[in-house]
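Trainee: Would you be able to build a 3D model of this:
(2 chains)
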Amino acid sequence: MTEAWSYPEALWTVKDLFVYPNEYIYWSVQIVMYPLMTGLVAGAFVLSSLYHVFGLKDLKDMAKFSLVFSFALLLVAPMPLMFHLQQPLRGMEVFFTPHFTSAISAFGIVFFSYSIVVATEIWFVYRKFFVEQAIALKGKEGLGNSLKQKLYSLLTLGAYDISEKALHKDEKAVKILAGIGIPVACFLHGYAGFIFGSVKANALWMTPLMPVIFIMSAIVSGIALCMLTYIVIMEWKKFRIKTSRKSWDVTAAEVGGAEVDLIRKTSRYLIGFMIAAITLEILDLVFRGYTAVKSWEILRSVIYGKDFVDIFILQYGFGNLLPFIMLVLPGLTIRRTAIALVLVIFGVFMMRWNVVIGGQAFSLSFAGYMHYKLPFIPENIETYKEGFFGALTIGLMPFALFWVINKFIPSLKYHK
Amino acid sequence: MSISRRDFLLSTLKIAAASALPLSAFKILSPAEARAAIEATSVRWGFLVDTYKCVGCGFCVKACKLENEVPYDAPVTRTWVERYLILKDGRMVADTPLGGRDGFTKLEIQEEIVEPKDVSKAFFVPKLCNQCENPPCVQVCPVGATYQTADGVVLVDRTWCIGCGYCIMACPYGVRFFHPVYKVAEKCTFCYHRINKGMKTACVGACPFGARQIGNLKDPNDPVTKTIMTERVAVLKDEYGTKPQVYYIGLDENVR
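Mentor: Numbering: from 1, shown residues only, chains lettered A, B, ... in the order given. Model (predicted):
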């Protein structure tokens, strides 16, 4: 056979001791990004629902923002899979011919039902705004205004009634949708955990705790990212107020005051979910060590040996313990929070990394190891897609999307 | 004719309820079930490996690669041979250089030179797809591109596989990989194109020592079936509940 062939997996896999010939790190950095992104979606949505469903008034400003941000994240969630698939053009088959014994086949249903819930909720939240814009822009000069007017009147879907009674109905609908959304969001991410937890061939992945662990860490990462993005945007706003010459309707101090207040309140929820996530992870680890089944010998050598720095220093140390202390200590400032939030997101990323890559760090023979070398410089399309820059592309996409969406559906306001 | 929304919904509900009972009498069959119902098969392919007979020449791996168009120098293979050495100090070392394609001609194993005098026992173990009765790879395929035939062989539809790699992750035996040219999941098929025509698999045909045999497990007179029924045989990793259908004679407890 003389056809051209390639095996990119062999480029980033280093084998050690006895490993079967076909074993490689098949699920690489994009499969780390995939649960990270779906986790952020679920987390952002749950954060917004805390206000809508449970009426946690201190999260009011955060709720709108995290709802719209969740939508931007949602659109990016399938992208890591598209980058990862060997046949990306066939990706649609998951929707057309789902094979329901597979956890991945649920993706189509869960993803679409979740999209519908989020999009509908956004519509109810913003309906009044759409109607107002559509009416205000009517008859205004300029192509931009006329296009905008067309878009907004399309977005109203013909429902122009913004009487007190109609708006009250909208609120009720939002509440119901947010309520439906919480289990759906948890399912979206729980099933991502199930994808891993149900692989009986993989000793590290197989645990019924996996979906729950994934949901908790998802909420942690989602809340952290929403808070961080909020801080960045508010700081930018303050900076612009201070530096621009035109007059604003608020002062920088007012924006800052509202910001600190909101961040302090939200961080309490973050800490709560962090405790839940870490408790479950430690439980899993203790249980594995205590029961010490056949696979424990090799798992122990990976967890306490080869991946020690990744797991205990980077994930638990810098990703959990340090930010936890930073958030709990009194006199929380924006800067300290921002640093802690970056660490929290990093910690969740490392958790995904240690599950996905760590699960492939040992051979099915239990007598050998595989080491993953993340491709940095993209030498070809494969090493771009499954390399550092591919992951970076995915990581930046939701922000770009949010920037676009936010032009039409403004979700950031500040109190006077 | 006009109908109010309330009436419309009510009658829809009634129709749905009324049709639910008769419809529940129908059973939805998967294509495989439908086929099995029409033509009940009298064949269940199984494999027998006699590890005492294997000398690790690698002819089976060569033959397989050529027969099944897996690029000869690609670092993956549908079938392979493992070498195990149990040393006198109790340690086990094993390797499978290039899947054993070129045989085992070096004393070096796992980056150390093992002198023959230090070896307590040594043997070769050929591996291939176990064509499990309960295949986890088929279970996890999100699009149904991989399937089990009525005669027990697990195949991949190259025109439908999306290349997600979930099946590769799900196989406890590490037999699956991506085809280096077609970029879809690839695996041993027991040379399905050959056995259907009454031929042996390429590896069975290439083995000079009769270490590999394929047979019909539903035929009590088949030599493979007879051996499995009358001698002491074992399978690999039965703890995963996959019900593997490749049987081994002389399987050592050290085999992974």
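Trainee: Leaving out chain neighbours, which residue sits closest to A:Tyr49?
Mentor: Slight slip there: residue A:49 is Ser, not Tyr. Excluding the flanking residues, the one nearest A:Ser49 by CB to CB, 6 or more residues apart in numbering or on different chains is A:Ala178, at 4.2 Å. Yep, even glycine has a C-beta here, placed from its N, CA and C like the rest.
Trainee: For the stretch 1-150 of chain B, what lies in contact range of chain A?
Mentor: B:66, B:69-72, B:74-77, B:80, B:92-96, B:98-99, B:110, B:127, B:136, B:138-145 (CB under 8 Å from any CB of the partner chain).
Trainee: Helices of the stretch 101-250 of chain A, start to end?
Mentor: For the stretch 101-250 of chain A, the helices defined by DSSP state H, counting those that start in this stretch cover A:106-136, A:143-155, A:164-197, A:210-243.
Trainee: Dump these to CSV, plus mean neighbour count.
Mentor: Listed next are the helices of the stretch 101-250 of chain A as CSV, based on neighbours: other CB atoms under 10 Å in any protein chain shown:
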stretch, mean neighbour count
helix A:106-136, 18
helix A:143-155, 14
helix A:164-197, 19
helix A:210-243, 22
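Trainee: okay if I get those as a markdown table plus mean pLDDT and distance to B:Ala18?
Mentor: Compiled in a markdown table, these are given as follows (pLDDT from 0 to 100; distance: least, CB to CB, whole Å):
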| stretch | mean pLDDT | distance to B:Ala18 |
| --- | --- | --- |
| helix A:106-136 | 90 | 28 |
| helix A:143-155 | 91 | 41 |
| helix A:164-197 | 91 | 29 |
| helix A:210-243 | 90 | 39 |
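Trainee: right, so of those, which gets closest to B:Leu29?
Mentor: B:Leu29 lies closest to helix A:106-136 among the helices of the stretch 101-250 of chain A, at 22.2 Å (CB to CB).
Trainee: For chain A, which segments count as strands?
Mentor: Along chain A, the stretches classed as strands by DSSP state E are A:13-17, A:368-372.
Trainee: Just the mean pLDDT for the first one, thanks.
Mentor: Summarised as a single mean, pLDDT over strand A:13-17 is 96.
Trainee: Between the helices of the stretch 101-250 of chain A, which one is closest to B:Lys121.
Mentor: That would be helix A:164-197 among the helices of the stretch 101-250 of chain A, by CB to CB, at 38.2 Å.
Trainee: So, low pLDDT: which residues of the stretch 1-150 of chain B?
Mentor: Scanning the stretch 1-150 of chain B for pLDDT under 70 picks out B:1, B:32, B:35-40.
Trainee: Which stretches in it count as helices?
Mentor: B:5-24, B:31-38, B:59-67, B:136-140.
Trainee: For B:Phe47, name its beta-bridge partners.
Mentor: B:Ile214, B:Val246 (DSSP bridges).
Trainee: Restrict stretch B:19-36 to CA atoms and write it as PDB.
Mentor: Provided in PDB are the C-alpha atoms of stretch B:19-36 (Å, rounded to 0.1, in the frame of the first residue of the first chain):
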ATOM      1  CA  SER B  19     -53.800   5.000  19.400                       C
ATOM      2  CA  ALA B  20     -51.300   4.400  22.200                       C
ATOM      3  CA  LEU B  21     -52.700   0.900  23.000                       C
ATOM      4  CA  PRO B  22     -52.800  -0.600  19.600                       C
ATOM      5  CA  LEU B  23     -49.500   1.000  18.600                       C
ATOM      6  CA  SER B  24     -47.800  -0.500  21.700                       C
ATOM      7  CA  ALA B  25     -48.500  -3.900  20.200                       C
ATOM      8  CA  PHE B  26     -45.800  -3.100  17.600                       C
ATOM      9  CA  LYS B  27     -42.200  -3.700  18.400                       C
ATOM     10  CA  ILE B  28     -39.500  -1.600  16.900                       C
ATOM     11  CA  LEU B  29     -36.700  -3.800  15.700                       C
ATOM     12  CA  SER B  30     -33.200  -2.700  15.100                       C
ATOM     13  CA  PRO B  31     -31.900  -3.600  11.600                       C
ATOM     14  CA  ALA B  32     -29.800  -6.400  13.100                       C
ATOM     15  CA  GLU B  33     -32.800  -7.800  14.900                       C
ATOM     16  CA  ALA B  34     -35.000  -7.700  11.800                       C
ATOM     17  CA  ARG B  35     -32.300  -9.400   9.800                       C
ATOM     18  CA  ALA B  36     -31.800 -12.100  12.500                       C
END
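Trainee: Tell me how far the residue most central in space within chain B lies from chain A.
Mentor: Closest residue to the average C-alpha location of chain B: B:Cys129 at 2.5 Å, with CA atoms, centre = their mean. Distance, B:Cys129 to chain A, by CB to the nearest CB, to the nearest Å: 11 Å.
Trainee: contacting residues for that residue?
Mentor: B:Cys129 is in contact with B:78, B:154, B:173, B:175, B:187-190, B:246, counting by CB atoms under 8 Å, 6 or more residues apart in numbering or on different chains.
Trainee: ok, and the closest non-adjacent residue to it?
Mentor: B:Cys129's closest residue in space is B:Cys188 (CB to CB, 6+ apart), at 3.6 Å.
Trainee: Assign a three-state SS to the one you found, would you?
Mentor: Secondary structure, DSSP: H, G, I helix; E, B strand; the rest coil: B:Cys188 is coil.
Trainee: Run a quick neighbour tally on it.
Mentor: 27 (other CB atoms under 10 Å in any protein chain shown).
Trainee: Which PyMOL command selects the buried ones in the residues of the stretch 1-150 of chain B next to chain A?
Mentor: Selection of the buried residues among the residues of the stretch 1-150 of chain B next to chain A in PyMOL, burial being defined by 16 or more other CB atoms under 10 Å in any protein chain shown:
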select buried, chain B and resi 70+71+74+75+76+77+80+92+93+94+95+96+98+99+110+127+136+138+139+140+141+142+143+144+145
